[in-house]
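1. sequence unknown, structure follows:
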């Protein structure tokens with residue numbers, strides 16, 4: 001982000017992990033592939049909840065979206081648009 005007043009620390013990262021770990025076991029799909037996708041989507045949601053919501057500049061928000069897209073593709077081995085495709089209008 002371009003603003004120097006943004007302060008993020010390990011507590012923020014812990015909030016992302018904590019949010020993911022709060023997923024009730026009863027809501028997990030039986031299929032392991034579906035479970036993986038659910039956790040990936042939940043991770044994206046939590047990153048946006050913790051970090052995106054605190055950004056005040058559209059340029060910074062766009063930067064974060066691109067960083068998440070790159071991370072999902074490179075680290076989670078899933079195209080972002082495919083992973084989050086269920087959110088698009090039919």
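-> That came through fine. The structure displayed is predicted, hence computed values, not measured ones.
2. and the residue most central in space within the chain, what element?
-> Central residue of the chain (Cα atoms, centre = their mean): residue 44, 1.4 Å from the mean position. Secondary structure assignment for residue 44, by DSSP states H and E: helix 32-50.
3. what does that helix contact?
-> 12, 15-16, 19-20, 23, 28-29, 64, 68, 72, 76, 78, 80, 83-84 (Cβ atoms under 8 Å, 6 or more residues apart in numbering). Using the backbone N, CA and C atoms, a C-beta is placed for each residue, glycine as well.
4. Show me where the protein dips below the pLDDT cut-off.
-> Applying pLDDT under 70 to the chain picks out residues 1-5, 90.
5. at 90 instead, please
-> Scanning the chain for pLDDT under 90 picks out 1-9, 25, 27-28, 53-57, 85-90.
6. Distance check, the residue nearest to the centre of the chain against residue 65.
-> According to Cβ to Cβ, to the nearest Å, residue 44 and residue 65 sit 10 Å apart.
7. Please apply the same query to residue 38.
-> Distance of residue 38 to residue 65, computed by Cβ to Cβ: 21 Å.
8. circling back: top of the contacts of helix 32-50 by neighbour count?
-> Using other Cβ atoms under 10 Å as the neighbour criterion, residue 72 leads the contacts of helix 32-50 with 22 neighbours.
9. quick one, what contacts that one?
-> By Cβ under 8 Å, 6+ apart, the residues touching residue 72 are 40, 44, 78-80, 83.
10. Quickly name whichever of these is closest to residue 7.
-> residue 44 (22.4 Å; Cβ to Cβ).
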